[in-house]
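1. Here is my input; please provide its structure:
(one chain, ligands or ions: 1)
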Amino acid sequence: MGKSGAVRFGERAEQAIELSRDGVAEISSALREMLADVFTLYLKTKNFHWHMSGRHFRDYHLLLDEQGDQLFAMTDEIAERARKIGGTTLHSISDISRHQRLADNNKDVVSPEDMLGELLGDSRRLTGFLRLTHEICGRHKDVASTSMIEVWIDQTERRTWFLAQIAGRT
Ligand SMILES: [Fe+2]
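-> Okay, here's the model as predicted:
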């Protein structure tokens, strides 16, 4: 590589140190919405874990506990990723409700079949949101976020798979 090539490489390396201001804004906004959805799905999963009934109570109760733990573990990582790139994240329950795309379920009684079907639908939508966020991060060359999102997509697809098998839908 000649001298000018070295200079160009140096300039490019300098530019690659930080994400652009637009990139930070767009990625943090996508992460904020995703975090709101993951909190929503976490609480719904725990809600159904607490209110589960029927013949398969033990199996479903335990499965939803495991899925809830996985969702909760995602929340801290999403929020801290936004902070690491210099953005901000959610502050409160009301902030979650302003940004969530997945719906709450406040019904007193929900059948086990409806619980599983609803979680399955939400889980599939979450995969879609994760893929969209992955695209945004990729466009801004935020490789650390894209690699974290790839792991979350795999975990979400595993939860979807389990839910689909027991809900009798594939
Ligand atoms: Fe529990």
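
2. Find out how far the lowest-mean-pLDDT helix or strand in the chain is from the centre of the chain, if you would.
-> For the chain, using mean pLDDT, DSSP states H and E, the weakest element among its helices and strands is helix 3-17, scoring a mean of 71. The chain centroid and the centroid of helix 3-17 are separated by 35 Å under CA atoms, centre = their mean, to the nearest Å.

3. What average pLDDT does the helix or strand just after that helix get?
-> Remark: after helix 3-17, the chain's next helix or strand is helix 21-51, criterion DSSP states H and E. For helix 21-51, the mean per-residue pLDDT is 97.

4. Can you name every helix or strand that helix 21-51 contacts?
-> Using 3 or more CB pairs under 8 Å, 6 or more residues apart in numbering; DSSP states H and E as the contact test, the elements touching helix 21-51 are helix 57-84, helix 93-99, helix 112-139. (Each C-beta comes from the backbone N, C-alpha and C, glycine too.)

5. List of residues touching the one helix or strand Val151 maps to?
-> Per DSSP H and E: Val151 is located in helix 143-166. For helix 143-166, the surrounding residues in contact (CB atoms under 8 Å, 6 or more residues apart in numbering) are 27, 31, 56, 59-60, 63, 67, 70, 74, 77, 81, 84-85, 116, 119-120, 123-124, 126-127, 130-131, 133-134, 137-138, 170.

6. Now that we have those residues, which of them are buried?
-> With neighbours counted by 16 or more other CB atoms under 10 Å, those contain buried members at 27, 31, 60, 63, 67, 70, 74, 81, 85, 116, 119-120, 123, 126-127, 130, 133-134, 137.

7. Might you report the residue contacts of Ala25?
-> With contact taken as CB under 8 Å, 6+ apart, Ala25 is in contact with Gly87.

8. where's it relative to Asp154, distance?
-> For Ala25, the distance to Asp154 equals 28 Å [CB to CB, to the nearest Å].

9. what's the burial count for Glu66?
-> Residues near Glu66, counting by other CB atoms under 10 Å, number 12.

10. In contact with it, which residues?
-> For Glu66, the contact set (CB under 8 Å, 6+ apart) is empty.

11. Tell me, what's the model's pLDDT at it?
-> 98.

12. Ser147 now?
-> Reading off the model, Ser147 has pLDDT 98.
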